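1. what follows is a predicted structure for the sequence shown.
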Amino acid sequence: MIVIADSSALVALSVCDSLLLLDALFVEVKVPQAVYDEVCIANKAESQALKAYLAGKVCSAPTSIDIEKSNGLGKGELAAINLYKHLSADLLLIDDARAKKVAYLNNLEVMGSMGVLLLAKKKGLIASIKPLLSRLRCSDIFVSDHFLDQILAMAGEAAE
């Protein structure tokens, strides 16, 4: 299974110290150069961990692939969708709501970082999601408490 990752989901998984779950769950993880450039900026949060993780995972893709309703998407999101289409990938890993909507409109299979954590728990790769979500709650990444509580409920872990 080929997974194309966007920056939002990668940063969230990095904050949770869960990037290696991607390799355990999926055969191949790829990112476009634009996503790599976004997340590996010097002195940016998680940049060192992401730079190490993404070594050997960067691919180039043509920018001429037609994407419907793509107005307002960032360079990395567009590049990730293009790479997905170019490689006929199986899954797009993305957290941004607008980008997810565009991906769905273009018939792409989509999963967010929370979906990765739920899948990892289901497959027995992690025992609990709660400590990982605690890291997210303490980070600069905005994820609503309501949404995180829903994820905990889906994982069978009661919110505190």
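-> Everything's here; your move. Numbering: from 1, shown residues only.

2. could you tell me which residues within the helix ranked longest in the chain count as buried?
-> Identified as the longest helix of the chain according to DSSP state H is helix 75-87. For helix 75-87, burial by neighbour count (16 or more other CB atoms under 10 Å) applies to 76, 77, 78, 79, 80, 81, 82, 83, 84, 85, 86. C-beta here means a position set from N, CA and C on the backbone, and glycine is covered the same way.

3. and if you look at stretch 89-97?
-> By neighbour count on 16+ other CB under 10 Å, the buried set for stretch 89-97 is 89, 91, 92, 93, 94, 95, 96.

4. residue 104 reaches residue 110, doesn't it?
-> Yes - between residue 104 and residue 110 there is a contact under CB atoms under 8 Å: 6.4 Å.

5. so residue 29 sits in a helix?
-> No - going by DSSP: H, G, I helix; E, B strand; the rest coil, the assignment for residue 29 is strand, not a helix.

6. give the contact list for it.
-> Residues in contact with residue 29 (CB atoms under 8 Å, 6 or more residues apart in numbering) are 3, 5, 22, 23, 57, 93.

7. go through these and flag which are in helices.
-> Those of the contacts of residue 29 mapping onto helices are 22, 23, per DSSP H.

8. show the buried residues in the contacts of residue 29.
-> 3, 5, 22, 57, 93.
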